[in-house]
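A.B. asks: predicted model and sequence follow; I will ask about them next.
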Amino acid sequence: ALGPAVAATLGGCPTLTSDGRCFPVERRHLSGSRPLALAAAGHPREVEEAVAEAVLSALAESAQGDLLVFLPGEREIRGVESRLADALPAARRAALRVCPL
């Protein structure tokens, strides 16, 4: 366990442990870097569009599971959420849950 070694390095600070369950995770990365390039260029609306398209594509490929999407800020999160709500059929829209962290 890494905890004791890290605690010793930090001057004997207290450590916490938590038992949890593991779930299978499949990672998929977008091919190309369109959203990243748009974000770097300062085009938040285009980032929202590109991310919403990627989410819709992932949802079309699989009807099960959850998606974890990283965005730079709450404005972009809400923008993508709005675009998804507009694009999804009512049944899928009702199941959509966006949880900004």
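C.D. replies: Arrived safely. Residues are numbered from 1 along each chain as shown.
A.B. asks: surely V51 touches L67?
C.D. replies: No: using C-beta atoms under 8 Å, V51 is not in contact with L67, being 10.4 Å away. Every residue, glycine included, has its C-beta placed from N, CA and C.
A.B. asks: and what about P100, helix, strand or coil?
C.D. replies: Here P100 is coil, with the state taken from DSSP: H, G, I helix; E, B strand; the rest coil.
A.B. asks: spatially central residue in this protein, please.
C.D. replies: V69 (1.8 Å; C-alpha atoms, centre = their mean).
A.B. asks: show the contacting residues for it.
C.D. replies: The contact partners of V69, by C-beta atoms under 8 Å, 6 or more residues apart in numbering, come to V51, A54, V55, V80.
A.B. asks: pLDDT score for the second one?
C.D. replies: Which is A54. pLDDT for A54: 87.
A.B. asks: all further residue positions should be reported with the first residue as 11.
C.D. replies: Right, with 11 as the first residue, what we last looked at is A64.
A.B. asks: tell me which element it falls in.
C.D. replies: Per DSSP states H and E: A64 is located in helix 54-71.
A.B. asks: what does the helix or strand just after that helix rub up against?
C.D. replies: Note on helix 54-71: by DSSP H and E, the next helix or strand toward the C-terminus is helix 84-97. Residues outside helix 84-97 that contact it (C-beta under 8 Å, 6+ apart): 54-55, 57-59, 61-62, 65-66, 79, 81, 103, 106, 108, 110.
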